[in-house]
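Q: output the structure for:
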Amino acid sequence: MNRCLTPLLLTLALAGATHAQAQGSTRNFPREALRGEMTVKQPPYLEMDDRVTRLSPGARVLDEGNRLVRPASLLNREITVNYLLDRRGQVTQAWILTAEEKKEKRPGYGVERNFTFESQQGAATARTLPAPATPN
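A: Residues are numbered from 1 along each chain as shown. The predicted structure is shown next:
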């Protein structure tokens, strides 16, 4: 009876320890991983930073707890991710980020603009043209 109880207790202790480690640890992403906003349109097609791309065959999307997520469950949701690209420019792996991981600065492959469109500005910041002067 003693022999059967000891392995069970050991298994429960190890499971609890690994669960606690998974909650408190931060993930280490590859150095070449990029940051971006991902929106799954129609799997395997997705939008990454204003450009349409696709998931490579066998691509993996991992949630905040490093669990595998099906891309179809993320339809039309804009999600901040770190991701890896293959040589064809397809996403091979993506990690959905936690709030703490979003704070870390990381380069992105996305579009950077040094201007804003008038449609992106709020009504309060939109410029108005002065009225034309009337001749006297």
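
Q: the spatially closest residue to residue 29 that is not a sequence neighbour: what secondary structure?
A: Of all residues not flanking residue 29 in the chain, residue 82 sits nearest, at 5.0 Å (Cβ to Cβ, 6 or more residues apart in numbering). Backbone N, C-alpha and C define where each C-beta goes, glycine included. Using DSSP: H, G, I helix; E, B strand; the rest coil, the structure places residue 82 in strand.

Q: isn't residue 82 right up against residue 34?
A: Yes. Shown here, residue 82 and residue 34 form a contact pair, counting by Cβ atoms under 8 Å, at 6.8 Å.

Q: pull up the overlap in contacts between these two.
A: Counting by Cβ atoms under 8 Å, 6 or more residues apart in numbering, the shared contacts of residue 82 and residue 34 are residue 106.

Q: neighbour-wise, which of the two wins?
A: Taking other Cβ atoms under 10 Å, residue 82 and residue 34 do not tie; residue 82 has more neighbours (23 against 20).

Q: now do the contacts for the more buried one.
A: Each residue near residue 82 by Cβ under 8 Å, 6+ apart is listed here: 29, 33, 34, 35, 94, 95, 97, 101, 106.
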